[in-house]
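# After the sequence you'll find the predicted model.
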Amino acid sequence: MLSVLVINEKTIVFLYSLFAFISINFSFYNKLSTIFNDLTYNCLLKYIQQNLSFIFFISLNDR
């Protein structure tokens with residue numbers, strides 16, 4: 001597990017881009033939810049969350 005998260009330029013840039021990515025995608029998928037039913041929408045969100053956590057995990061171990 002993560003005991004200490006070192007804040008350097010790489011981490012700050014990554015976190016900033018991650019938050020921008022999340023906010024853009026949430027507005028996009030909120031529009032999609034009016035098109036799809038709730039089941040498809042929940043599957044999309046679950047897929048996105050799994051991929052985001054995987055990307056975050058990879059980038060933290062890439063040191």
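Right, received. Where do you want to start? Numbering: from 1, shown residues only.

# Rounded mean pLDDT for stretch 45-62, please.
For stretch 45-62, mean pLDDT is 70.

# now residue 43: how far from residue 10?
For residue 43, the distance to residue 10 equals 32 Å [C-beta to C-beta, to the nearest Å]. Using the backbone N, CA and C atoms, a C-beta is placed for each residue, glycine as well.

# That should have said residue 44, apologies.
According to C-beta to C-beta, residue 44 stands 29 Å off from residue 10.

# more crowded one of these two?
The neighbour count for residue 44 versus residue 10, taken as other C-beta atoms under 10 Å, is higher for residue 44 (15 against 12).

# can you map out the helices along the protein?
9-35, 38-61 (DSSP state H).

# buried residues in the first one?
Put plainly, it is helix 9-35. By neighbour count on 16 or more other C-beta atoms under 10 Å, the buried set for helix 9-35 is residue 14.

# What is it packed up against?
Applying 3 or more C-beta pairs under 8 Å, 6 or more residues apart in numbering; DSSP states H and E, one finds that helix 9-35 makes contact with helix 38-61.
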